[in-house]
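Chemist: the following block contains a protein sequence and its predicted model.
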Amino acid sequence: MDFATFLIQCLNALQYGLLLFLIASGLTLIFGIMGVINLAHGSFYMIGAYLAYALAPLVTASFGGEFFSTIGVGLIFSIILGYILEWAFFSYLYKREHLQQVLMTYGLILVFEELRSMLVGDDVHGVSIPSYLDVALPLSDMMTYPLYRLFISAVCLLLALAMWFVFTRTRLGMMIRAGTTNREMVESLGIDITLLYRIVFAAGVALAAFAGMIAAPISSVYPGMGDGVLIICFVVVIIGGVGSIKGAMLAALLIGLVDTFGKLLLPQMAGVLVYVLMAFILLWRPRGLFKV
């Protein structure tokens, strides 16, 4: 393996790991902080991808914009969707058993899939990369690397820094962390924990949908695309430690490296290497790398 090939694989691993972190961070917020096992989280990723496909012609015709206008409208829609879902369904699950949470969220998967089929159909769709990002950077005389993949990595890093700042340096982050530890105490201090949880849930939905929107141009848009993402996101949360944003970041990057280089070096075992990694880490640290 020459240096250019190694560099491309490292960049692919970084891009995949950061995108995976963006999706899993929303699941970490909902699962780790609010205590809800949300099997529908992968559907939010799928919804984001389909929003990027469906909204692009409408937003372009209405606002004259292109990619970023579509993402902006899609984010507003996903935040509203998350707020409504928390109010209508998830707010009743916090004190329920995990089995009831699983049944409810699995039912939402079926609803979202049926609505997707009715509204958009079952075909595979593509989303165009913006022309100013649809270029390749030369890495050697023979090899190039797409600028759009670097754009995805940069955006995910910026959002990761933003999340770190919110959780560690703001009053909102302090209230969220306190609500995770002792909900009754936070309520006794006059903080509206119901509104706080609603904001957290809407943010988790928006993160997953945003990941779907920026991933759509490189992964295409197809039915059931959230199913595989959901499984790997739970692996990220388990490896990183339930509720830990820092752990989710490290776990996602590790999975990105193992998955990318596993497909290159051990293609026959590529499908199981991530789960082998999870098994070894849990043997070493049963509660994950950074259990909060």
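Modeler: Structure received. Quick caveat: nothing in here was measured; it's all calculated off a predicted structure.

Chemist: identify the residues contacting the residue nearest to Val127 when sequence neighbours are not counted.
Modeler: Closest residue to Val127 apart from its sequence neighbours, by C-beta to C-beta, 6 or more residues apart in numbering: Ala216 at 4.1 Å. In short, each C-beta sits where N, CA and C put it, glycine included. Residues near Ala216 by C-beta atoms under 8 Å, 6 or more residues apart in numbering: 48-49, 52-53, 127.

Chemist: shaky segments in the stretch 51-200 of the chain?
Modeler: 59-65 (pLDDT under 70).

Chemist: going along the chain, name the strands of it.
Modeler: Using DSSP state E, counting those that start in this stretch, the strands found in the stretch 51-200 of the chain span residues 136-138, 144-146.

Chemist: can you list the ones you listed in CSV and add mean neighbour count?
Modeler: Listed next are the strands of the stretch 51-200 of the chain as CSV, based on neighbours: other C-beta atoms under 10 Å:
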stretch, mean neighbour count
strand 136-138, 11
strand 144-146, 16
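
Chemist: as a markdown table, those with distance to Leu250 would be great.
Modeler: Below are the strands of the stretch 51-200 of the chain laid out as a markdown table (distance: least, C-beta to C-beta, whole Å):
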| stretch | distance to Leu250 |
| --- | --- |
| strand 136-138 | 27 |
| strand 144-146 | 24 |
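
Chemist: which one of the ones you listed lies closest to Ile231?
Modeler: With C-beta to C-beta, the closest approach to Ile231 among the strands of the stretch 51-200 of the chain belongs to strand 144-146: 26.5 Å.

Chemist: please name every helix or strand in contact with the closest one.
Modeler: helix 3-27, strand 136-138 (3 or more C-beta pairs under 8 Å, 6 or more residues apart in numbering; DSSP states H and E).

Chemist: give me the contact list for the last one.
Modeler: Applying C-beta under 8 Å, 6+ apart, the contact partners of strand 136-138 are 144-147, 150.

Chemist: how near is the residue nearest to Ile71 when sequence neighbours are not counted to Arg183?
Modeler: Nearest residue to Ile71 in three dimensions, chain neighbours excluded: Met213, at 5.3 Å (C-beta to C-beta, 6+ apart). Plainly put, Met213 is 32 Å away from Arg183 if you go by C-beta to C-beta, to the nearest Å.

Chemist: of the two, who's got more company?
Modeler: Per other C-beta atoms under 10 Å, whichever of Met213 and Arg183 has more neighbours is Met213, with 26 against 17.

Chemist: can you tell me how far the more buried one is from Gly126?
Modeler: 14 Å.

Chemist: same deal with Phe261?
Modeler: Distance from Phe261 to Gly126, by C-beta to C-beta: 28 Å.

Chemist: looking at these two, which is more packed in?
Modeler: Per other C-beta under 10 Å, whichever of Phe261 and Gly126 has more neighbours is Phe261, with 18 against 12.

Chemist: hang on, isn't that one packed against Phe6?
Modeler: No - contact status for Phe261 versus Phe6: not in contact, 9.4 Å apart, counting by C-beta atoms under 8 Å.
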